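Novice: turn this into a structure:
(chains A and B, ligands or ions: 1)
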Amino acid sequence: MHDDTFDTELKLILEAIYLRFHYDFRHYSPASLKRRLSQAMQRFGCRSLSGLQERILHEPGVFPELLSFLTIIVSEMFRDPAFYLALREKVVPFLQTYPSLKIWVAGCSTGEEVYSLAILLKEEELLDRSLIYATDINPEALRKAKAGIYDLDRIAGFSEAYQAAGGRTSLSDYYTAAYGSAVFDKALRKNILFSDHSLATDNVFAEVQLVTCRNVLIYFDRALQDRAIGLFRDSLSRKGFLALGAKETLRFSDHAAEFSEFAGAERIYQKE
Amino acid sequence: MPATAEAIVVGGSAGALEALSTLLADLPDDFTVPIVIVLHLPRHKPSVLPEVVAAKAGRPVREPLDKEPVSGSMIYVAPADYHLLIDQGVVFAFSVDEPVNFSLPSIDVLFESAADVFGARLIGVLLSGANADGASGLKAIEDAGGLAIVQAPEDASIPVMPNAAIALCKHARVLPAAGIRAYLLRSAGCGEATERKENHDR
Ligand SMILES: C[S@@+](CC[C@H](N)C(=O)[O-])C[C@H]1O[C@@H](n2cnc3c(N)ncnc32)[C@H](O)[C@@H]1O
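Specialist: Model prediction:
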């Protein structure tokens, strides 16, 4: 349980992080923030959030590590196979009508979702005419995403999900195994642009036909969710698609009326 | 006992479904306190819990979505593969991250976030289970002034979870599943109503 002092210190440390490091966590979900910051306090051996604040301000190296508590960079390939199946069967036919495609994967974390998408596009013969923007705020996650190397012991789960997602061959066609790692084929990322972009502080940068932003909005409060969804609306071309995570919905957003449900159960929306 | 509980959070693992059946069997209509349940689930499988629990409770049961308001007369169950939290507002929140106590969803995560939002106006119930998830969450509820209830170890199919909670929570009420049900109905002001209804039916 957190007392009023903790809540005060929470406001202060978020403000300090914003002023000093220009990361804006002020509108993240308080429940998640409190939980992750409590874990960080334990990790850094701080008795209070003020103690943690002092350390991030005065000890270089502490903030980059704190960032890994505040941004939860867990990801998986073909997470929710039913989603990828719906993308393949219902959205791809629309995408095939465009001579060239732009796609934005917002909050791409360590890249699993982007590679899943690239594989799907390749199998649907769309990858060559696509440009994928993969963005995140965690530099460590982006570095791993660019490398495209994952622990071999995660591959069995990924392969199973790939098959369930309607995969046309075998996942092993897309990586080579070496020293306990799966190194994904460089050709997959030929048309992927990885870059630093915050849904909290940055703006629209391209017109795209598909946005996937999965399991990122759950960490935001409603106001920040609305900001992010506003960016997606402005970025999408008419009748463009927005894909959210399995527990995320536009129902409670101010932007709900600007989209229609396209594949409801899979959380795929279409801009009006 | 909290004067007016605004929510009841329930956690359990192996053997908890049986206790839940007793707890939730045909809840009376005037029982309007929302109930939020975390049972440990297998990963990567859609959960059948909503249907199972709805059949027992005779009222709608759903897996909430992100930012959905916590509403009265509802029973919510946590979906697989996410931690379920309660956030200011009072709305549901989610996190996909590491399992806590090998559990995703974790009972501790729900209980701690609910304690933070509801303070003394919360009842936490911990049922049968084979690990210690939920114990420190129940302690957080107690520390925030809420009420902790633990299924009596001798009543639980697997007493590990209740025992861990009893060791940690000084003020926990320890009751068999039927006793927990009676307690919850009474604290929601339904006790008399149900008795009257039963007498009338007879
Ligand atoms: C749980 S991961 C989701 C990964 C992936 N989309 C998936 O569903 O598997 C959440 C990601 O959101 C990123 N994130 C958090 N805040 C963000 C922001 N303001 N702008 C962009 N990305 C953000 C985190 O760094 C993290 O990599």
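
Novice: tell me the residues of chain A that contact the ligand?
Specialist: Residues of chain A found near the ligand (C-beta under 6 Å from any ligand atom) are A:71-76, A:79, A:106-107, A:109, A:112-113, A:136-138, A:141, A:198-200, A:214-216, A:219, A:245. Just so you know, the C-beta spots here come from the backbone N, C-alpha and C atoms, and that holds for glycine as well.

Novice: do the same with chain B
Specialist: So chain B meets the ligand at B:V96 (C-beta under 6 Å from any ligand atom).

Novice: now do the strands in chain B.
Specialist: Assigned strands in chain B, in chain order: B:7-12, B:35-39, B:61-62, B:75-77, B:83-87, B:91-95, B:122-126, B:147-151, B:173-175 (criterion: DSSP state E).

Novice: for the shortest one, what is the distance to the chain centroid?
Specialist: With C-alpha atoms, centre = their mean, to the nearest Å as the basis, strand B:61-62 stands 13 Å off its chain's centre.

Novice: what is the rounded mean pLDDT of it?
Specialist: Mean per-residue pLDDT for strand B:61-62: 94.

Novice: go on, the longest one?
Specialist: Summarised as a single mean, pLDDT over strand B:7-12 is 98.

Novice: now check that strand, is it near chain A?
Specialist: No. Residues of strand B:7-12 contacting chain A under C-beta under 8 Å from any C-beta of the partner chain: none, with a closest distance of 13.3 Å.

Novice: name the residues that touch that strand?
Specialist: Under the contact criterion C-beta atoms under 8 Å, 6 or more residues apart in numbering or on different chains, strand B:7-12 has outside partners B:19-20, B:23, B:33-40, B:70, B:86, B:90, B:107, B:110-111, B:114, B:118, B:121-129, B:133-134, B:137-138, B:141, B:151, B:161, B:184.

Novice: can you check stretch A:153-173 too?
Specialist: With contacts defined as C-beta under 8 Å, 6+ apart, stretch A:153-173 is touched by A:76-79, A:81-85, A:88-89, A:112, A:116, A:119-120, A:123, A:150, A:175, A:177, A:180, A:182, B:44.

Novice: can you tell if the strand or helix carrying A:I132 touches chain B?
Specialist: In this assignment (DSSP states H and E), A:I132 forms part of strand A:130-136. No. For strand A:130-136, no contact with chain B is found by C-beta under 8 Å from any C-beta; the gap never falls below 14.8 Å.

Novice: list the helices and strands that strand packs on?
Specialist: strand A:101-106, helix A:112-123, helix A:139-147, strand A:192-196 (3 or more C-beta pairs under 8 Å, 6 or more residues apart in numbering or on different chains; DSSP states H and E).

Novice: could those go into a markdown table alongside distance to chain B, mean neighbour count and mean pLDDT?
Specialist: Below are the helices and strands packed on strand A:130-136 laid out as a markdown table (distance: least, C-beta to the nearest C-beta, whole Å; neighbours: other C-beta atoms under 10 Å in any protein chain shown; pLDDT from 0 to 100):
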| stretch | distance to chain B | mean neighbour count | mean pLDDT |
| --- | --- | --- | --- |
| strand A:101-106 | 16 | 24 | 98 |
| helix A:112-123 | 12 | 24 | 98 |
| helix A:139-147 | 13 | 17 | 97 |
| strand A:192-196 | 21 | 16 | 98 |
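
Novice: rewinding a little: partners of the strand holding A:I132 in the sheet?
Specialist: Within its sheet, strand A:130-136 is paired with strand A:101-106 (parallel), strand A:192-196 (parallel), according to DSSP bridges.

Novice: just to revisit the earlier point, buried subset of the contacts of strand B:7-12?
Specialist: B:19-20, B:23, B:33-40, B:70, B:86, B:107, B:110-111, B:114, B:118, B:121-129, B:133-134, B:137-138, B:141, B:151, B:161, B:184 (16 or more other C-beta atoms under 10 Å in any protein chain shown).

Novice: pLDDT score for the residue of chain B found nearest the ligand?
Specialist: Nearest to the ligand, among the residues of chain B, is B:V96, at 4.9 Å (C-beta to the nearest ligand atom). pLDDT, B:V96: 94.

Novice: which residues are in contact with the residue lying closest to it once chain neighbours are set aside?
Specialist: For B:V96, ignoring the flanking residues on the chain, the nearest one in space by C-beta to C-beta, 6 or more residues apart in numbering or on different chains is A:N215 at 5.1 Å. Contacts for A:N215 (C-beta under 8 Å, 6+ apart) come out as A:79, A:107, A:245, A:248, B:96.

Novice: just the residues you listed now: which is nearest the ligand?
Specialist: A:G107 (3.3 Å).

Novice: quickly name whichever of the contacts of A:N215 is closest to A:Y18.
Specialist: Among the contacts of A:N215, A:G107 lies closest to A:Y18 (C-beta to C-beta), at 19.0 Å.

Novice: residues in contact with that closest one?
Specialist: For A:G107, the contact set (C-beta under 8 Å, 6+ apart) comprises A:135-136, A:199, A:213-216.

Novice: swap in 6 Å and give it another go.
Specialist: Contact analysis of A:G107 by C-beta atoms under 6 Å, 6 or more residues apart in numbering or on different chains lists A:136, A:213, A:216.

Novice: same check on A:K144?
Specialist: Contacts for A:K144 (C-beta under 6 Å, 6+ apart) come out as A:T110.

Novice: what do you get if the cut-off is 8 Å, keeping everything else the same?
Specialist: A:K144 sits next to A:110-111 when contact means C-beta under 8 Å, 6+ apart.

Novice: try A:E261
Specialist: Each residue near A:E261 by C-beta under 8 Å, 6+ apart is listed here: A:268-270.

Novice: what of A:D128?
Specialist: A:N191.

Novice: same check on A:K271?
Specialist: By C-beta under 8 Å, 6+ apart, A:K271 lies in contact with A:233, A:236-242, A:258-259.

Novice: format those residues as JSON lines; extra columns: pLDDT, secondary structure and neighbour count.
Specialist: JSON lines is the format used below for the contacts of A:K271 (pLDDT from 0 to 100; DSSP: H, G, I helix; E, B strand; the rest coil; neighbours: other C-beta atoms under 10 Å in any protein chain shown):
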{"residue": "A:R233", "pLDDT": "98", "secondary structure": "helix", "neighbour count": "17"}
{"residue": "A:L236", "pLDDT": "98", "secondary structure": "strand", "neighbour count": "24"}
{"residue": "A:S237", "pLDDT": "97", "secondary structure": "strand", "neighbour count": "13"}
{"residue": "A:R238", "pLDDT": "96", "secondary structure": "strand", "neighbour count": "8"}
{"residue": "A:K239", "pLDDT": "97", "secondary structure": "strand", "neighbour count": "12"}
{"residue": "A:G240", "pLDDT": "98", "secondary structure": "strand", "neighbour count": "23"}
{"residue": "A:F241", "pLDDT": "98", "secondary structure": "strand", "neighbour count": "25"}
{"residue": "A:L242", "pLDDT": "98", "secondary structure": "strand", "neighbour count": "26"}
{"residue": "A:E258", "pLDDT": "98", "secondary structure": "helix", "neighbour count": "17"}
{"residue": "A:F259", "pLDDT": "98", "secondary structure": "strand", "neighbour count": "21"}
